[in-house]
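Enquirer: sequence unknown, structure follows:
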């Protein structure tokens, strides 16, 4: 499993500490009290939620509709199904949790489900994980309590738990236990942990899931319909589909990939929800996909009937072998081995342009060192580690303890599925008892990388709008097949599993409004210009416009439209080559981004003090929708402008090739034949490929062009002259 800072202590379990009367069922076990309890991802907690007894009644009929939530470290990691009208429910549901450290208790809460209303709290309990013995199954009875009414009898929960070191890390656990008895120094331990991280991060396969449709789903709204969307979860990986409004038979046709870490497969949890504006979304049903039952290298069509609901989902699931991802030391370098380099170059040569279209290229990232990082600990030091991300692929370095000038010297390799992806390298400070602290980040578009050059990148803040303290030294190589990359540009862009929730920001709303206003003003100014020609404000200009109008209309042919766009692209390229670059640095957007960052900091502090946004949830959703629409409209206009401005030369050249092809086609082929071929293709597409994912090639192309905001975020900051690979500072070991 991948351990990233926001997702420590994740997956499928929960925690409770007090009020327990354990019944030991086995005599084999090892105490966990004699070795450290804060080692990342070391333990697997298997929990079986068996049943509840004599639960408190929360409904008028003297019953309840109970379900159970497990939380650890403040994050929900499991939710059971709902048992309707039962005070002695039987669940018999199993889940597993990968535990960061045992000091965090498992928090268990029981609720009564109320349709359309806020669910009623029944009771809660804690499980102290340090009280469990390793490799020893334990039956536990938890007495539910309400902190506000400690004397009330709220019933009990029966669980069966088994705490064990994660299987592939069992040997490493024993080494660490012996090491801990000999010494408590962090540095040797961190080196051993790096090997453990390397094993647990690398995925063994790819699970490709296509969500096709839903059939006869349960109606949750007053109009007899629903607004369904689907959530998928495999371990810590999550995906959320789009919302299809007002239907019981939704068509999604969305495709995404999960990483598969376990040789024996895993379980994909699937839940279906009804979107409700201004209140909590309604639960429609759930189902599971057991990957261990599916054969590899084969596409399986699955019709899954929903539990706790009505209807079914139709999915296509394909399991394939692992992509070429790796973590190694600096001495082990694929591209420096001449034989391996030639093999990689051959794999992405022009001769193999139609072989494995999903494998576009190869990326190698050397994370060498960082200098002058921010001190995050009270000792004036930090415990930094790096997270390297390419779309949904995430790998980590080991932690260098008590150091502001760490050396990692690690090499990461990735398969490139989209050459327009952005490589993100984030530096965090490790904290054993809480989430990691952010130290800095850089975002580097793959097409802007200069191969084989070691560069010092100035670290930026979370919003990528300005510098923070420190620089990081990276050496990056990108090898890709241009033909595959061009074809992939016309396909839907991969969505990230984990994205920040949209939230209302007056500064962001203002920024998007100004961006859209600037796009609209271009059209308005063009209309004013045409109107001034019609009004003969300037006789020479109007006369020239009139002659041009007669010439174009008299000789107009359809092929002249792409030809005009082609000439505009060529003219702008000529201006850039001649040094007359008409592109302006967008200081307006940059200033607004900096203001937004300051407001985000204020919002984070204010949100802890008051729940104003929660009280105005409905208004917030409307404002967020307006905010997002403004962003989409403004981004659309900016992407068109940046295509013609040669912001990304690869995309502008691709546009030139496409426009040349369209011009030739329109010149030689009558329009009726083109429309006929287009219509036949559209009408027969569903018959030829029933499960094809709908897409628009033009919009897919524009989605790869950066907006003005992204241009500011991706631009490289000027570094301090003192930070240079040739002027390396001496490491401070702390």
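Expert: Happy to help now that I have it. Here the structure is a predicted model, which means the values were calculated and not measured.
Enquirer: quick one: contacts for residue 468?
Expert: By Cβ atoms under 8 Å, 6 or more residues apart in numbering, the contact set of residue 468 is 374, 439-440, 459-461. Where you see a C-beta, it was placed from the backbone N, CA and C, and this is true even at glycine.
Enquirer: could you rerun that using 6 Å?
Expert: By Cβ atoms under 6 Å, 6 or more residues apart in numbering, the residues touching residue 468 are 440, 459, 461.
Enquirer: what subset of the residues you listed is buried?
Expert: Neighbour-count burial (16 or more other Cβ atoms under 10 Å) is assigned, among those, to 440, 459, 461.
Enquirer: test my guess that the first one contacts residue 458.
Expert: No - Residue 440 lies out of contact with residue 458 (Cβ atoms under 6 Å); the separation is 8.4 Å.
Enquirer: that older thread, out of the buried ones among the contacts of residue 468, which is nearest to residue 282?
Expert: residue 461 (38.4 Å; Cβ to Cβ).
Enquirer: so who does that closest one touch?
Expert: Residue 461 neighbours (Cβ under 6 Å, 6+ apart): residue 468.
Enquirer: surely residue 312 and residue 215 touch.
Expert: Yes - using Cβ under 6 Å, residue 312 is in contact with residue 215, at 5.2 Å.
Enquirer: more neighbours, these two?
Expert: residue 312 (19 against 16; other Cβ atoms under 10 Å).
Enquirer: how close does the more buried one get to residue 229?
Expert: Distance, residue 312 to residue 229, by Cβ to Cβ, to the nearest Å: 16 Å.
Enquirer: just to be sure, residue 242 is in a strand?
Expert: No - Residue 242 sits outside any strand when classified using DSSP: H, G, I helix; E, B strand; the rest coil, being coil.
Enquirer: that one: what's it in contact with?
Expert: Contacts of residue 242 (Cβ under 6 Å, 6+ apart): none.
Enquirer: ranges for the helices of the stretch 201-350 of the chain?
Expert: With helices called from DSSP state H, counting those that start in this stretch, the stretch 201-350 of the chain shows them at 338-347.
Enquirer: same question, the chain
Expert: 170-182, 186-201, 338-347, 482-489, 506-534, 539-555, 560-577, 587-609, 612-615, 617-644, 649-668, 671-688, 697-704, 708-714 (DSSP state H).
Enquirer: surely residue 237 meets residue 260?
Expert: No - in this structure residue 237 lies outside contact range of residue 260 using Cβ under 6 Å: 9.7 Å.
Enquirer: what degree of burial does residue 680 show, as a neighbour count?
Expert: Count around residue 680 with other Cβ under 10 Å applied: 10.
Enquirer: relative to residue 688, how far out is it?
Expert: Per Cβ to Cβ, residue 680 is found 11 Å from residue 688.
Enquirer: got a pLDDT number for residue 713?
Expert: Note for residue 713: predicted pLDDT of 85.
Enquirer: wait, doesn't it sit right on residue 464?
Expert: Yes - counting by Cβ under 6 Å, residue 464 is a contact partner of residue 713 at 3.9 Å.
Enquirer: joint contacts of these two?
Expert: By Cβ under 6 Å, 6+ apart, residue 713 and residue 464 have no common neighbours.
Enquirer: tell me the contacts of the nearest residue to residue 305 once chain neighbours are set aside?
Expert: In this structure, residue 305 finds its nearest non-sequential neighbour in residue 312, 4.7 Å apart by Cβ to Cβ, 6 or more residues apart in numbering. Each residue near residue 312 by Cβ under 6 Å, 6+ apart is listed here: 215, 303-305.
Enquirer: and those as a markdown table, adding pLDDT?
Expert: Conversion of the contacts of residue 312 to a markdown table gives the following (pLDDT from 0 to 100):
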| residue | pLDDT |
| --- | --- |
| 215 | 91 |
| 303 | 91 |
| 304 | 91 |
| 305 | 91 |
